[in-house]
Structures are given as C-alpha cells and as structure tokens.
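Colleague: Coordinates for the following, if possible.
(2 chains)
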2 protein chains.
Amino acid sequence: VSSPPLTVGIVGGGQLGRMLALAGIPLGVRCVCVEPADVAPAAVAADVIRADYGDHAALGELARRCDVVTVELEHVDVDALGWLSERLTVHPAPQIVATVQDRLLEKQALRRAGVATATFAEPSACPTGYPGGTVVKRRLGGFDGRGQLRYDGSADALAAADELGGPCIVEEVVPFDRELSIVAARSVDGSVACYPVVENRHVDGILRETIAPAVAADQATAEELVRNLLSSWGYVGTIGVELFEVDGALLANEVAPRVHNSGHWTIEGSATSQFEQHVRAICGLPLGDVSTVGPSGMVNLLGGWPDPASVLALPHAHLHLYGKAPRPQRKVGHVTVVAPTVGQRDTTMAAVRVLMDVRRSSSSEDAVSAPPCPGGC
Amino acid sequence: VSSPPLTVGIVGGGQLGRMLALAGIPLGVRCVCVEPADVAPAAVAADVIRADYGDHAALGELARRCDVVTVELEHVDVDALGWLSERLTVHPAPQIVATVQDRLLEKQALRRAGVATATFAEPSACPTGYPGGTVVKRRLGGFDGRGQLRYDGSADALAAADELGGPCIVEEVVPFDRELSIVAARSVDGSVACYPVVENRHVDGILRETIAPAVAADQATAEELVRNLLSSWGYVGTIGVELFEVDGALLANEVAPRVHNSGHWTIEGSATSQFEQHVRAICGLPLGDVSTVGPSGMVNLLGGWPDPASVLALPHAHLHLYGKAPRPQRKVGHVTVVAPTVGQRDTTMAAVRVLMDVRRSSSSEDAVSAPPCPGGC
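Modeller: Numbers count the residues shown, from 1 in each chain, chains lettered A, B, ... in the order given. Coordinates of the predicted model:
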C-alpha cells in the first residue's frame, strides 16, 4: 500500500540536478548525482558521488543505489550510460543522448521523425555552403554558440571545418523572426504533456530571457512536432526543443534531452514544474497538469546576482540561486516572474533587467577588490 | 554586490524544518537543524546536528555556523533559546516561545494584546468551572487534543487538574461554529503580510483538512487581531493563530510561534509559501506577495500515505511526503489541492479522502504482514 521511496540517479550535479532533486523530495523521490566538480549545486538536496561522469566505480554505486538513472546534461560519456542501461533503466535512452550529442545525427533523426529543420549537409556534400548564408558547426561538443563559424553567403565549408577541427555540419542560415522553444514530457506509458511555446532571447549565444507563453505562437504545430519526436524516438522524460520561427513556420534547431533552461519559469508558472514532470515521467508516475498560473517569464542571472533583497522586493518575482561562484557569463541563478497580467509581468522583468545592469556596472568597477565567494555560494 | 549566503539555524528537524529548508535553498539560504531523532525529515535539505534540543555543544555549533536561529516546534528548552539569543539573533524571541508554551501565559498575553479569547482562569480562581461547559487543560506540553479534560457543564476543576497533573488552566467551552486560523508573518522592519483566513477540520483533536480561503470568514477582523498580536509581541517570522468562530465573532484559541500545519496549502496555493515567508522574515528580507493562486485545500496524510501514483493522477493535487515512517495518527505528509474553481478543489479533496480511506481499510488488514518501512521513507 505504502510504496517504498524511489531513488533516481543523475549523471551530473549542476543546477538542473539541484532543481530535479528539490522537485523529487516532496514526492518521496531521492536523487543521487555523479559530479566531478568540487562545488556541486545539487549537493544541497541530493547525495553526490564525486567522480567523473564515466567513472565505473561511481556508476556501479549509482546502479546499486538507484531505481532509474537520468542525465542533467547531454555531454556525457554515452558508453557509461550504455553500461548503466544494462543494469537498470536509463531515461532518456543512451542512444537518444548519443544522437543529440552529434548535430548531424540529431538533424537526421529530426527529419526521420518528420520534423522540419534548416537545410543541412556534411561539408564534403556542400563544400560552398549556401548562398543565403552559411553556418559551419562542430558536430560534437559545442554549446551556447561556441564551436561555430557564420558567413553571410556562400563559404568554403571545408576550410571552415578545418579551422573548427573535428567533424562538422554545414547548415543554411535561417532568417528567423524569433527563437522559440517547447518543453514537453513523455511518460513510460506513452502519454505526453506539452508546456506552452515560449520565446527565448539570447545574447552572445546564451539564453538571457524567456517569455511564457510566446505571443501568437503556433502551439498546435509545435505540439505536433514534439509529439512526433517523442513517440518516434520512444523518449521518456522531459525534453526541450529549440525552434526557429520563420514567417510563422517552425523549424527545429536543437534538442536538449533533459530539463531545459527555457522551462525554468514552470517552477512557479505552471501547476507542475518541468523538474517534477521529469521525475514523474522517468519514475513511471502519472504526468502532472501543465496549466499555467499566469503570464510568466524568466531572466537568467549571468555572471553574478543582484542583492537578493532587491529581487525579493519586486512583486511577482521569485529568486532561484544555484549555489555557484560568480564567473563572467556563468549561469548562477534565475528569476521567475509570474504575474496576473502581461503588463505586470513585463514591468517586473524590466526591473530585474535593471538590477542586473546595476550589478554588472558596479561589479566591473570593483572586480579586483571583490572578495572571493565563500564556499557555500 | 553579491551578498554572501545566509545560514539559518533551526531547533527541530521535522517536516516543518524540511519545508523551511526546501524554501530557503532557492534564496541562497541554507539551514542547519538540531534534532535528536534518528530519522530527521529535514536531513534531505539541511545539515542536521543529532543532539537534544537543549544540548549545549550542539547549540554552540549552531551559534558558530548560523546567522539567525528559529524554531520549528514550540516545545523546546527556552533556556537553550535564551543562551542562543545572547550569541546571535533568535526569531521569534525566546520570551515569546516561553509564553506560548504555557496556556495561561499565552491567553494572558493574547488579552494584553487586545485579542479576544474564551473565558479562562486558574483552577483555584474557578474551582467549579463554567456552567456552559468546562475544559481543564495542562498549562504545559499538551497538543493535538492531549492533556485536557472536557465537561458539558460545571466541573470540579481542582480534581481535574489533579488528575491531569501539573499546573492547569480552566477554560469555558466555546460553542464555536467553525475552527478557523490565520497565518501571517512580520518582518524585522515591522511590515506584516497575512494569508487568507482558512477553515480547519479536526478529527480526534488532530488537524485533518484545511479549506483555503474559508467561506465568508471575517478576514478584516482576523487580520486586525493578528496584526495587534504581532506588533504587541514584537514578533518576527511566520505565526499561526487558531481561532474559534462563534456567531461570526472570532476568539483566539492557540498560537503557534512558527509555520503552521494550516498554512501548508500556501506551498502551491500562494505566490509566496509560509515557509519562504518565514525565511524572508527572519533573514531581514522583504516579505513576499501572499496572493492566492486559486481555491486551495490541504489534506493531512495521517498514519500512512496512499499509493503516490494515485495521488499524482488526480488533477490539481500536489503530494508532499515527509520521509517519516508510518505510525498510527502520525502526520507523514499532506496533499495540497489548488484548482481553478471551488467545485474542482472540492472534487479533488473528496478523491484524496477516498484514497486515504482505502489505504486505512487495507492497511488495517495487513498491518501484521506489512514490511517495515526502509530507512529512507
């Protein structure tokens, strides 16, 4: 009658692991993370095994202690996930993680699932790029806009690939109107729940803000796209799909096989957060209600955070610090905004922006004299 | 610019400490609890010092590690709180905790703050009780309806006090229509935020359910009452005041100098939970918005919990397990319900009740064969 508590293993112990662990606790689900970094944000709410993601002793411990394993980052040793999947359930499946690690395999798998993407090719098949604009990307390892070269028109794709090093993909530049994303989850029994399509605003390739829901986005098409993807891939868990909106049409850009930064607003903005949803999905529990509480938004705290009191004084703002030491451009927290009206949401988001600008301008002046952050921050 | 993280000491490491610790983490606030029990529900999200609440070595460690100390239960050694308050800030003040530990001092302090209560006296001053009904209670230590004797009319209060043992208080039985409560918080700067008055349903003296907000309750009078109390006592933190509603008038019954079971619905039902509000208040941070998300309710899980999947399958239900082993009448979790309409809220609460009834009837049959709960539950 009283089912025993479940234990979830997480490869990675960063802020996503932290928020997964926090979401699991009220459900009776405990998390155990594998994380090599000295300071693991997840450690406040999960047990952390200090080891490389591929360390077999650590993975053995994970297999012994856990009922199911998941990832909080996609750049993990897929062989390690495969090893784990011979011993216990791994969600999403290691093969899916391997696919999205490689931009070429990812785009091919999207196309096979019937999902539209930008035109792409291997460099040898498209040596002069695309007249409308060319981007050459490393197939492996790049994120936050790193590991890629962009050209306004055609380009020497082979030379660009040589410069980047390693296998590359050539993509046509998409003249998109907005960057959108959809976060969804699929359960073990195949049921799917989709959050509203959101708009994402990047600076220097790093997500700065999310607006939820996106104004006048094509929710039905985005849901169809992500449902096709989830069922075609047999995916279990929360997924984030980054989309380009071009003349109202949607092209899939990247897939995150995990909870996604553009879904952080769901902690307060949805009846069920993306973190709880992921825990539910991978534990075989029913998916939760994804109704929204009100117009929402998220501002990433990059490089540092404003005085917490100044954020907490703002109406409709919710502070989320990750326990990471501040470093330039590092994601150290976020602020969720959930307000009764779009106007109030926008006012608070603007106020958070001002607080971050004040912080940046003052911290650049006293960067030398600033004390190092204590161990717990 | 980037203020250092704060550490909050909590005397007690039960479910209230657990939910305080969970609320603190996103704000960058870490909790350290003192708790003698082997299984401390707070341990999943806080450091726990295993020691008696009055253990001086433990308190010394708390004083060294923390910026401010609070309590999650009122039945603590007040001398220990006093010792701590000579070394760091303690909220609420030890004197307040001492007052509410003693039902006579508590009622006298309520009266001094201008708050109406039932008629009461010391047994020697009221040896025959009250013709309308008499209740004799131990001044110290009773809770959840224990440590008291009730009589329909007059009674031999001195004999009752002898039977109960220890100093007692005699109170007139109040023919109340409903049991209500109000949870509020006062910050270091004196600002106050009040949640809606809620209705509480007890069985055998133990809170079974809360309905938030209570239908047609006198919010203005309740707020005036709790504001008088908070400012008169110089209280800092979240407080719970249990009220009797008699012909529409409100009488204060008991005060909890801490977060309160009747405020658990605020985790999902309010923009700011009572737990985050307490952390904000005692850390000198601005109080948060207490707007409600929708009609809410809370069902305590007493003695055990239903299959988590069955709760999570209910629309508008949020599961909160405390990591405690099931025992008869023990609070081992709660379910929050937040719905768009009162009807949907009531439907889900009824469904939770059914799940608990099913659990009770089945668990009584296999109580002997049921395996012991594993350490983590």
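Colleague: So, low pLDDT: which residues of the stretch 101-250 of chain A?
Modeller: A:142-145 (pLDDT under 70).
Colleague: Tell me which stretches of it form helices.
Modeller: Assigned by DSSP state H, counting those that start in this stretch, the stretch 101-250 of chain A shows helices spanning A:103-112, A:157-164, A:219-233.
Colleague: Mind giving me the packing neighbours of the first one?
Modeller: The criterion is 3 or more CB pairs under 8 Å, 6 or more residues apart in numbering or on different chains; DSSP states H and E, and the helices and strands that helix A:103-112 contacts are helix A:94-101, strand A:168-172, helix A:219-233, strand A:249-256. Heads up, the C-betas are built off the backbone N, CA and C, glycines and all.
Colleague: Go through those and pick out the most buried.
Modeller: A comparison of the helices and strands packed on helix A:103-112 by mean neighbour count, using mean count of other CB atoms under 10 Å in any protein chain shown, puts strand A:168-172 on top with a mean of 24.
Colleague: Keeping just the C-alphas, turn that one into PDB.
Modeller: C-alpha atoms of strand A:168-172 as PDB (Å, rounded to 0.1, in the frame of the first residue of the first chain):
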ATOM      1  CA  CYS A 168      31.400  19.400 -38.800                       C
ATOM      2  CA  ILE A 169      27.900  20.000 -40.300                       C
ATOM      3  CA  VAL A 170      27.100  22.800 -42.700                       C
ATOM      4  CA  GLU A 171      23.700  24.500 -42.300                       C
ATOM      5  CA  GLU A 172      21.800  27.100 -44.200                       C
END
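Colleague: tell me the angle it makes with helix A:103-112.
Modeller: Interaxial angle, strand A:168-172 versus helix A:103-112 (axes from the mean of the first three to the mean of the last three CA atoms, to 10 degrees): 50 degrees.
Colleague: re earlier: could you provide the helices of the stretch 101-250 of chain A in TSV, with additional columns for distance to residue B:78?
Modeller: Output for those, formatted as TSV (distance: least, CB to CB, whole Å):
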stretch	distance to residue B:78
helix A:103-112	62
helix A:157-164	68
helix A:219-233	57
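Colleague: Out of the ones you listed, which gets nearest to residue B:294?
Modeller: Nearest of the helices of the stretch 101-250 of chain A to residue B:294, taken as CB to CB: helix A:219-233 at 22.5 Å.
Colleague: Report how many residues lie close to residue A:247.
Modeller: Number of residues near residue A:247 (other CB atoms under 10 Å in any protein chain shown) recorded here: 7.
Colleague: how close does the residue lying closest to it once chain neighbours are set aside get to residue A:152?
Modeller: Spatially, and ignoring its direct neighbours in sequence, residue A:247 is nearest to residue A:177 (7.1 Å; CB to CB, 6 or more residues apart in numbering or on different chains). Distance, residue A:177 to residue A:152, by CB to CB, to the nearest Å: 18 Å.
Colleague: With residue A:213 instead?
Modeller: Per CB to CB, residue A:213 is found 33 Å from residue A:152.
Colleague: Next: residue A:304.
Modeller: Distance of residue A:304 to residue A:152, computed by CB to CB: 35 Å.
Colleague: Who are the contact partners of the most centrally placed residue in chain A?
Modeller: Nearest to the mean C-alpha position of chain A, by CA atoms, centre = their mean, lies residue A:260 at 2.5 Å. Taking CB atoms under 8 Å, 6 or more residues apart in numbering or on different chains as the criterion, residue A:260 is in contact with A:181, A:183, A:238-240, A:274.
Colleague: again with residue A:170
Modeller: A:120-123, A:126, A:129-130, A:134-136, A:157, A:161.
Colleague: ok, now residue A:300?
Modeller: Residues near residue A:300 by CB under 8 Å, 6+ apart: A:206-209, A:261, A:331, A:333-334.
Colleague: 7 Å instead, please
Modeller: By CB atoms under 7 Å, 6 or more residues apart in numbering or on different chains, the contact set of residue A:300 is A:207-208, A:331, A:334.
Colleague: Name the member of the residues you listed with the most neighbours.
Modeller: In those, the most neighbours by other CB under 10 Å go to residue A:334, 27 neighbours.
Colleague: Bridged to it, which residues?
Modeller: Residue A:334 has these beta-bridge partners by DSSP bridges: residue A:300, residue A:320.
Colleague: That one reaches residue A:301, doesn't it?
Modeller: Yes. The criterion here is CB atoms under 7 Å, and residue A:334 meets it with residue A:301 at 5.9 Å.
Colleague: Average pLDDT for stretch A:12-30, rounded please.
Modeller: Summarised as a single mean, pLDDT over stretch A:12-30 is 98.
Colleague: and that stretch with chain B, contact?
Modeller: Yes. Judged by CB under 7 Å from any CB of the partner chain, stretch A:12-30 comes into contact with chain B at A:22, A:25-28, A:30.
Colleague: which ones are touching residue A:349?
Modeller: Taking CB under 7 Å, 6+ apart, one finds A:209, A:297, A:299, A:337 in contact with residue A:349.
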